[in-house]
Structure formats: structure tokens, C-alpha cells
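Turn this into a model:
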Amino acid sequence: MWGTADPSPLARRRFDAMLGLLTDRRYGRALEVGCGPGIFSRMLAPHVDHLRAVDVSAEAVALAKRAGDTPANVSFEVADIMEYDLHAEGPWDLVVASEMWPYLGWMYSFYFVGWLASEIFAASASGARLMMVDTSSGAEDELLEPWLIATYRDLMQNVGYEREGETRLQGEEAGSEFEFLLTVFIKP
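Just a heads-up that it's a prediction; the model follows:
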């Protein structure tokens, strides 16, 4: 699954779009959930004082660590976000959650997904941002139905975040058209 740390052209466009939505300010403490092989982590590093990048996949985190060019302000860790102590290192000024909500929704009841959303909100500083990025069409995966992706976005507003901005990114890869929903929330 994580055989390479080289992003596809579409993934690179997505990472660039994500960064473009976040770099109007500097962040003290940031948490990236679902960091994969650490590509976006390295892109985000110049804009944060400290970035904790976690992923449930030991293989992905090992690949991130093996890249060898990890900035001093980035730490990678294997962690299941459902068991992670969000309050221990917070409060967070930025949380990036990319391509994780649908899979948590598949593994856990909606109550626990809602609980995690409320815990992230509680562990974030006033004025903190939350970025959600999810595939919203193009993948042959029932977990990525557009109405379901919108439900997770709405959940963030229901726990207290305000939507600050949103954009859709479209592109083609391996003969399929994809659309990604990039949403930035702020904690009032």
C-alpha cells in the first residue's frame, strides 16, 4: 500500500491546494491524523512550530521515518486516533484530518465518530483550525459517497466548529475522474 513516498500528480495538486488554504498564518502546535508516508507533513512543517503526524499504519509511519529528510519540528508516530490522548500535547492550533472520517465511520459506530469530533474540538485552542480532506466522488467505494462525506463535514459544525472555507478539487488519475472536498473550520 505505501510502496513509495512519491505522490501522483493529482495527489501533489491536492497537497498544494491543502497548503494554500492553510498558509495565511503560522501555527504553534499541529496534529496531522492519517499522515501516511509524511509527504504533506513535510510540506506543512515550515508553517508550524511543532507537528505531530500520526497514522494507524506502522508501514506508513516507517516509510515516513525512512525518508530521512524529516524536519526537526516534525515527529511521526504510529497511533490509532480513537485511542490517542488528544489533550496531552494540546491545545492544538491546527488539526489536519485527511481521508480518515469515512474509514472511522466504517469501523466505529456514529456515536464514537461524533465523540472523536467533539474531543478534537475540546483539545483545540480558541481560533484553531481543522482541515478535513476527503474524496467525494470518483472512487468505487461506498464509504466515499458524497452524501456521507457531507455528513462528516456537518458533524464538525454540530460539535462547534464554524466553516471558514471550502473548495473542491477535481482531476483524473488512472482513467478515473476524482473530486476532493477540502474544508477548513475554525474554533470560535
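
mind listing the strands for this protein?
With strands called from DSSP state E, the chain shows them at 27-33, 48-55, 74-78, 92-98, 124-137, 162-173, 176-186.

Distance from the last one to the middle of the chain?
Put plainly, it is strand 176-186. Strand 176-186 has its C-alpha centroid displaced from the chain centroid by 11 Å (CA atoms, centre = their mean, to the nearest Å).

for that strand, which positions count as buried?
Phe178, Glu179, Phe180, Leu181, Leu182, Thr183, Val184, Phe185 (16 or more other CB atoms under 10 Å). Bear in mind the C-beta positions are built from the backbone N, C-alpha and C, glycine included.

Present these as a markdown table; the columns should include pLDDT and distance to Val95.
Conversion of the buried residues of strand 176-186 to a markdown table gives the following (pLDDT from 0 to 100; distance: CB to CB, whole Å):
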| residue | pLDDT | distance to Val95 |
| --- | --- | --- |
| Phe178 | 88 | 24 |
| Glu179 | 89 | 23 |
| Phe180 | 91 | 18 |
| Leu181 | 92 | 17 |
| Leu182 | 95 | 14 |
| Thr183 | 96 | 12 |
| Val184 | 98 | 11 |
| Phe185 | 98 | 9 |
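
Go through the residues you listed and name the one nearest Pro102.
Set against Pro102, the nearest of the buried residues of strand 176-186 by CB to CB is Leu181 (11.3 Å).

okay, which residue is most central for the protein?
What sits nearest the mean C-alpha location of the chain, by CA atoms, centre = their mean, is Ala97, with 2.0 Å.

Report the beta-bridge partner residues of it.
Taking DSSP bridges as the rule, Ala97 bridges to Val33, Met132.

list the contacts for it?
Val33, Gly34, Ile120, Leu130, Met131, Met132, Val133 (CB atoms under 8 Å, 6 or more residues apart in numbering).

at 10 Å instead, please
Residues near Ala97 by CB atoms under 10 Å, 6 or more residues apart in numbering: 31-34, 81, 104, 116-117, 120, 130-134, 152, 156, 183.
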